[in-house]
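Engineer: Task: produce atomic coordinates for the following.
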Amino acid sequence: MDDNFQIQEWTVSPQLNSLRCNGRMVHLEPKVMQVLVCLAKSQGVVSKQKLMQTVWADTFVTDDVLTRSISELRKVFDDDKKNPRFIQTIPKSGYRLIAPIEAIKRPSPGPLPVPAAATPEFSLEKSRRKPWKFVLAGSLALLLVVAYFVRGHTAAVPSARAMLAILPFQNLSNDPAQDFFADGLTAEMISQIGRMPSDRLGVIAWASMARYKGKAKSEDQITGELGANYLLEGTVRRFGNQVRITAELIQKGKRDHLWSNSYDGNLEDVLALQNRVAREIASEIRVQLSPQEEARFAVANTVNSEGYDAYLKAKLRFDSPGSQAMQANMEHLRTAIRLNPGYAPPYVSMAVMNRAMASQGAADPKSSYAAAR
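Structural biologist: Numbers count the residues shown, from 1 in each chain. Predicted coordinates for the structure are as follows:
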């Protein structure tokens, strides 16, 4: 079901991973759209097993991924799980799309006009006398067509590798002490998206982006200075144990925003929120993820917020010179590891920091190199 279809007041566009209702457009993650399409194709109840096998074929994921996808759809449709209008949960079985579906037929093209052409005067005798003229003319025409196509086709193909610049996210928490959190999320977002296929997408490093914080420069200026095709900007608001991230993707030279979305969640789910942003950006820029990469971005551990804060502080000050700054970073990393022992990045950062301290004489080389291993 690649064609658009209607679910009550919503128009669904599977090829664009988007839904539209009363002028409002919502973009879905590709896998979430595939879940919706699978439900729409089926008559009646669709088992969890069938959904998993259809959407995540040849990829090992847990039921939580499907549950999250259904939750995303219900959120978009403003659907109540207990009194559903769109998606009904069938206990111990699966899900059923109960909203009426209507296919949107593409208009059939009319008959193509046949241009009138004069019938050329043809003489068998003349054609026999000078066959080489037709051969020569045909060969020249073929060469011209091939040359034109090659030149035109080569010039029209853009670079296959897109470059993305992620501006420092704006802190909307009304607390300057939370600037580190907004900056840290930006740096982590750069790291997350930077793990995507490098032959299709490049990401400008945080060190180059930090200087744009608070600077009043136009989008075209920034993309021009950095050589980027796309610009991501956003905001972060932290309140209590909750966090809201908004993100907008802009294509160079375009006035309208290519994509925008908001993400709400608990602080312990911040890694999952980051993964969602990364996956949706990949979808918009048409970066094809492998099944293994899809699985990696589909699953995220919860984290202790205090430990994650400590990791972000160390990440932002990682290159600060001097033994005192390095010791402070090590203390942040120890806190991060103690509170989130199953979260890998602080261990990697600590190994790198141990080597840096040893090479710069900020710690005993023998013990630091041993700890780095």
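
Engineer: pLDDT of stretch 337-348, averaged?
Structural biologist: For stretch 337-348, the mean pLDDT works out to 92.

Engineer: Centre of the chain to it, how far?
Structural biologist: Taking C-alpha atoms, centre = their mean, to the nearest Å, one finds stretch 337-348 lying 25 Å from the centre of the chain it belongs to.

Engineer: tell me how far the ends of that stretch are from each other?
Structural biologist: 11 Å (C-alpha to C-alpha, to the nearest Å).

Engineer: Buried residues in it, which are they?
Structural biologist: Ile337, Leu339, Asn340, Tyr343, Pro345, Pro346 (16 or more other C-beta atoms under 10 Å). Quick note: C-beta positions are derived from backbone N, CA and C, even for glycine.

Engineer: Tell me which two of the residues you listed sit farthest apart.
Structural biologist: Largest separation among those by C-beta to C-beta: Leu339 and Pro345, giving 13.2 Å.

Engineer: give me every residue that touches Glu280.
Structural biologist: For Glu280, the contacting residues are His27, Glu29, Trp259, Asn261, by C-beta atoms under 8 Å, 6 or more residues apart in numbering.

Engineer: Can you flag which of the residues you listed belong to strands?
Structural biologist: His27, Trp259, Asn261 (DSSP state E).

Engineer: What is the burial count for the first one?
Structural biologist: When neighbours are defined as other C-beta atoms under 10 Å, His27 has 21 of them.

Engineer: Against Val35, how distant is it?
Structural biologist: According to C-beta to C-beta, to the nearest Å, His27 and Val35 sit 15 Å apart.

Engineer: again with the second one
Structural biologist: With distances taken as C-beta to C-beta, Trp259 is found 20 Å from Val35.

Engineer: And these two? Which one has more around it.
Structural biologist: Neighbours were counted for Trp259 and for Val35 using other C-beta under 10 Å; Val35 has more, 26 against 20.

Engineer: which residues are in contact with the helix or strand hosting that one?
Structural biologist: Assigned by DSSP states H and E, Val35 falls within helix 30-41. With C-beta under 8 Å, 6+ apart as the test, helix 30-41 has contacts from 1, 5, 7, 12, 14, 17, 28, 46, 50-51, 54-56, 65-66, 69-70, 72-73, 87, 95-97, 101, 279, 283, 294, 298.

Engineer: Now, the buried residues of stretch 337-348 that are in strands?
Structural biologist: Going by DSSP E, the strands hold none of these.
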